[in-house]
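Asks: curious how this folds, go ahead:
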Amino acid sequence: MSTPQDTSPWRIVLLLVIMLAILVGVQFLPLSEWTGGRLSNVNLLSSVSDHVFHEDVIMDTAPVDPLLAELEAEDAESPAAVEPADAQVALVSDAPGETESTSSDTKEHLPDVEVDDTSSKPVVDIQPSKKGDQMIIEDYTVSGQGLANLRNAIRQHRVARIAVLGDSYIEGDIMTQDLREMMQDAFGGNGPGFVAVDPAYGNFRQTVSMGKSSGWSTSTAKSKFDSRYMPITQIYNKSTGNAKASFKGSQKMKHTGRWNKSQFLFIAPNNTTVTLTTDNGSRTFDVRGAADSVQCLSMSGPTSKFDVSVSGAGLVSLGTWLSDSTGVAVDNMSMRGVSGLTLSNLGSRLSQQMNRFVPYDLIILEFGINAMSASQKNYDAYSRRMQKVVETVRRCYPRADIILMGIGDRGQKRGGDYHSMSVCQTMVDAQREAARNAHCLFYDTRESMGGEDAIVDWVRRGLANKDYIHLNIKGGRELAKPLFNAIRQNIER
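Replies: Okay, here's the model as predicted:
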């Protein structure tokens, strides 16, 4: 005959005390060191505080993707996107009802860029990342002319366009808003630059206010998408019916309150109408359907707002560009959780069509944080893939200088305290190697922050979030200063 189990309250209390003692004891064990980083050290109080949302901090809710299986596969590559044959590019002027069509026979042909075979070239010595206390841009280009295209654009007094592509590290215009302001202070220009009609994760930017967007579906490089429509921005929106979006300048930065050129880029497979509104009034355009061809509508004149309204479904919005016709424009193109490798499938035909309306003189690639893991000790495969990314971007935008930014310092718990992740320098070395092999420019972001354990100091100084990865707005401003100085020094040399 069985006897009932003892369920007295004292036994339950004793069990809880034992469990608590075990938890307290575990946090003193160096689990990270014993397991090579596969397990993190436990710190109960810190773990709770790390999940608090801090003001001015963009949190990445997507899990960090180490890409281990993909990168360990020997040169595993995604199939190249199949591009349709050249079609007519419709150029739409500022005046209502005026349309100029340029056939594929007469349109401007961009020069092919041959990528050098580095297998037969001698290894290039690593260049210094600093000159005294000043961060400099390492130049691994064949010509050694640095930012020649950006330099020429500024000296010719035309709009000099800079695109900064990255992950959640720059989400919400972090860092780029201050780089933009410094560049526009020095060389002129206004406006917040690129803005999607319906951002994937909401609008966290302080540099542009958005009214309620409606009637759009969103596709990103992190979701299912049509490769014909995926631009360098890594996002496009498709109207699901009558759709609208509105943008208003922000007074929080000196140069984002007003601008004088508002552009809307799109692909319209079917005939439709688009209405654009600025401070100067509204215009309605009858748009002819042109499958798979980029069209642009623009409004000129000083304005502090820009509204887009589309009648009907099926129009693919590639985004809006809000800037001046002179000076410098800096576009933030961030996509949460990406490693940058999806850019290797960027379509040259779509890019070249967009390049006719928003040509870039400098493209900065900020990636790598999402490809890191303490247990992944070798990033040679990632380096090779990023080399291909640079080469693809160069083919798509042959007139743009390219800077590959190394990762910022990232923290990891070791022995109960935070230090730099043990593989940070390994990733930086892999990124520098990609820049050397692709013959582009390189900027050592981690060194500009202070090198080893820099992120610990930045968190202590209130410049970074307590996830020991992301910067807040103050940290973004701090990071933008040496980058701006390095760019300016290269331009004015």
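Asks: who's the residue lying closest to residue 166 once chain neighbours are set aside bridged to?
Replies: Using Cβ to Cβ, 6 or more residues apart in numbering and skipping the chain neighbours, the partner closest in space to residue 166 is residue 366 (3.4 Å). C-beta coordinates here come from the backbone N, C-alpha and C atoms, glycine included. Beta-bridge partners recorded for residue 366 (DSSP bridges): residue 166, residue 405.
Asks: for residue 319, same thing?
Replies: Where residue 319 sits in a bridge, its partners, by DSSP bridges, are residue 265.
Asks: so who does it touch?
Replies: Applying Cβ atoms under 8 Å, 6 or more residues apart in numbering, we find residue 319 in contact with 194-197, 231, 233, 235-236, 265.
Asks: where's it relative to residue 265, distance?
Replies: 6 Å (Cβ to Cβ, to the nearest Å).
Asks: who touches both of those two?
Replies: Contacts common to residue 319 and residue 265, judged by Cβ under 8 Å, 6+ apart, are absent.
Asks: can you show me the strands along the stretch 101-250 of the chain?
Replies: For the stretch 101-250 of the chain, the strands defined by DSSP state E, counting those that start in this stretch occupy 130-131, 134-135, 138-139, 160-166, 193-195, 208-210, 214-220, 235-249.
Asks: can you list the strands that the second one pairs with?
Replies: In this case it means strand 134-135. strand 130-131 (antiparallel).
Asks: and the partner strand, what's its mean pLDDT?
Replies: Averaged across strand 130-131, pLDDT comes to 84.
Asks: what's it in contact with?
Replies: In contact with strand 130-131 (Cβ under 8 Å, 6+ apart) are residues 136, 447.
Asks: find the centremost residue of the protein, please.
Replies: Among the residues of the chain, the one closest to the centroid is residue 166, at 2.1 Å (Cα atoms, centre = their mean).
Asks: can you pull the contacts of that residue?
Replies: Per Cβ under 8 Å, 6+ apart, neighbours of residue 166: 333-335, 364-367, 405.
Asks: confidence score at it?
Replies: So residue 166 comes in at 97 (pLDDT).
Asks: check residue 51 too.
Replies: Reported pLDDT for residue 51: 32.
Asks: just the one 3 residues further on next, same as before
Replies: If you check residue 54, the pLDDT there is 32.
Asks: what's the local residue count around the residue lying closest to residue 305 once chain neighbours are set aside?
Replies: Closest residue to residue 305 apart from its sequence neighbours, by Cβ to Cβ, 6+ apart: residue 248 at 4.8 Å. When neighbours are counted by other Cβ atoms under 10 Å, residue 248 registers 15.
Asks: check contacts around residue 248.
Replies: 208-211, 304-305.
Asks: likewise for residue 181?
Replies: Contacts of residue 181 (Cβ under 8 Å, 6+ apart): 253-255.
Asks: residue ranges in the stretch 1-150 of the chain under the pLDDT threshold?
Replies: For the stretch 1-150 of the chain, the stretches flagged by pLDDT under 70 are 1-8, 23-124.
Asks: any buried residues in stretch 374-382, and which?
Replies: Buried residues in stretch 374-382, defined by neighbour count with 16 or more other Cβ atoms under 10 Å: 374, 376, 379, 381-382.
Asks: which residues does the residue nearest to residue 305 bridge with?
Replies: So, taking DSSP bridges as the rule, residue 248 has residue 209, residue 305 as bridge partners.
Asks: tell me how far it lies from residue 227.
Replies: 33 Å.
Asks: likewise residue 446?
Replies: Taking Cβ to Cβ, one finds residue 446 at 33 Å from residue 227.
Asks: neighbour count: the two, which is higher?
Replies: residue 446 (24 against 14).
Asks: distance of that one from residue 333?
Replies: Relative to residue 333, and taking Cβ to Cβ, residue 446 is found at 22 Å.
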